[in-house]
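*Asks:* Please work out how this folds:
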Amino acid sequence: MLAVMIWFFDRDGERLRYEISRDRAGGHYRVVITRPDGSESVEEVDAPSELIQRSVDIMNSLRGDGWHVA
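*Replies:* From the prediction side, this is the model:
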């Protein structure tokens, strides 16, 4: 089973998608950022604490680049 959380960010009329999913069978988490041009960055982490820290880092970086939660 796969659990998914999605946030959308806006900046100057553009939209970015930030998604976290958990593969319960595999036991890992996947972080996918889809940029307005359709390009994606994908990271996988194993531990919940690592996911939390990485998420904080990513969201702070996005805010620093002018993105706002839609």
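*Asks:* how deep is Ala3 tucked in, by neighbour count?
*Replies:* Using other Cβ atoms under 10 Å, Ala3 has 10 other residues around it. C-beta coordinates here come from the backbone N, C-alpha and C atoms, glycine included.
*Asks:* Strand partners (parallel or antiparallel) of the lowest-mean-pLDDT helix or strand in the chain?
*Replies:* Lowest mean confidence among the helices and strands of the chain (mean pLDDT, DSSP states H and E): strand 2-11, at a mean of 91. If you go by DSSP bridges, strand 2-11 pairs up with strand 14-23 (antiparallel), strand 68-69 (antiparallel).
*Asks:* With distance to Ile6 and mean pLDDT as extra columns, can I get these in TSV?
*Replies:* Listed next are the strands paired with strand 2-11 as TSV, based on distance: least, Cβ to Cβ, whole Å; pLDDT from 0 to 100:
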stretch	distance to Ile6	mean pLDDT
strand 14-23	5	95
strand 68-69	11	96
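*Asks:* Nearest to Glu43, out of those strands?
*Replies:* Nearest to Glu43 among these is strand 14-23; the distance by Cβ to Cβ comes to 10.0 Å.
*Asks:* in that closest one, what counts as buried?
*Replies:* Across strand 14-23, burial judged by 16 or more other Cβ atoms under 10 Å covers 16, 18-20, 22.
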